[in-house]
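# no sequence for this one, just the structure:
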């Protein structure tokens, strides 16, 4: 199957994040969004200067880009972009979205979020502008929809079900620091890269 590209138009999902490291939970979220919204592809965008983190990522930008490339390799509907490293100042989601809309005017964009992200959405930079520029879709476990009913964003954001995943980059880093196995939590190629580079020790 030919490699999908946002230049071809269609509907694409945006998966932004520190990916420190990228793990199976990220991939399950992306795959669930693809199926739920019949997207043509998902663009993974590792953060360069994340505005919502108390601390900067542990791994370097290049290491996080490489890990993400390894994680999505072989999936013709996944692409990676380094665009955040060319943005001055914090990598606000709204800035990224505007950049993508300018660069790919024929493409429809969907911002893919996990249920944990939507809880913090109010604290994001101009969330009311984000929902005007793209369709925001949130993946949650079955039953999440009912919990989300009280949110002020309920009528502005679409939901889709995804398998329950209790995986976080923070937990993976702690396990690695403790010398424990994380083989079941991330792609083998990513795990191998982490071990070879001695990351998160």
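Received, thanks. Note that the coordinates shown come from a computational prediction; the quantities given were computed from them, not determined experimentally.
# number of residues surrounding residue 192?
Residue 192: 12 surrounding residues under other CB atoms under 10 Å. Any C-beta I mention is one placed from the backbone N, CA and C, and that applies to glycine too.
# what does residue 115 give?
16.
# can you name the residues bridging to the closest residue to it other than its chain neighbours?
With sequence-adjacent residues excluded and distances taken as CB to CB, 6 or more residues apart in numbering, residue 115 is closest to residue 140, at 3.8 Å. Residue 140 has the following beta-bridge partners by DSSP bridges: residue 161.
# same question for residue 79.
Counting by DSSP bridges, residue 79 is bridged to residue 43.
# in contact with it, which residues?
Remark: with contacts taken as CB atoms under 8 Å, 6 or more residues apart in numbering, residue 79 is in contact with 3-6, 41-44, 72.
# the same query, at a cut-off of 7 Å, please.
4-6, 41, 43 (CB atoms under 7 Å, 6 or more residues apart in numbering).
# cool, and residue 137?
33, 37, 110, 112, 158, 160.
# count the residues that sit near the last one.
What it means is residue 160. Residue 160 has 17 neighbours, counted by other CB under 10 Å.
# can you check the second one too?
Here the count is done by other CB under 10 Å, and residue 37 has 16 residues near it.
# wait, residue 133 sits on residue 97?
Yes. In terms of CB atoms under 7 Å, residue 133 counts as a neighbour of residue 97; the distance is 5.1 Å.
# pretty sure residue 6 is touching residue 105, no?
No. Here residue 6 does not reach residue 105: they are 10.6 Å apart, not a contact under CB under 7 Å.
# now residue 69. Nearest residue, chain neighbours left out?
residue 80 (5.6 Å).
# which residues does that neighbour contact?
Residues in contact with residue 80 (CB under 7 Å, 6+ apart) are 44, 65, 68-69, 72.
# report the two of those separated the most.
Farthest-apart pair in the contacts of residue 80 is 65 and 72; separation 11.1 Å (CB to CB).
# any idea how far residue 191 is from the residue nearest to residue 69?
To residue 191, residue 80 is 19 Å away according to CB to CB, to the nearest Å.
# ok so, going back, more crowded one of residue 6 and residue 105?
Neighbour totals were compared for residue 6 and residue 105, and residue 6 leads with 19 against 8 (other CB under 10 Å).
# for the closest residue in space to the more buried one that isn't next to it in sequence, the count of nearby residues, please.
Nearest non-adjacent residue to residue 6, counting by CB to CB, 6+ apart: residue 104, 4.6 Å away. Per other CB under 10 Å, the neighbour tally for residue 104 reads 18.
# before we move on, what about residue 198?
Count around residue 198 with other CB under 10 Å applied: 8.
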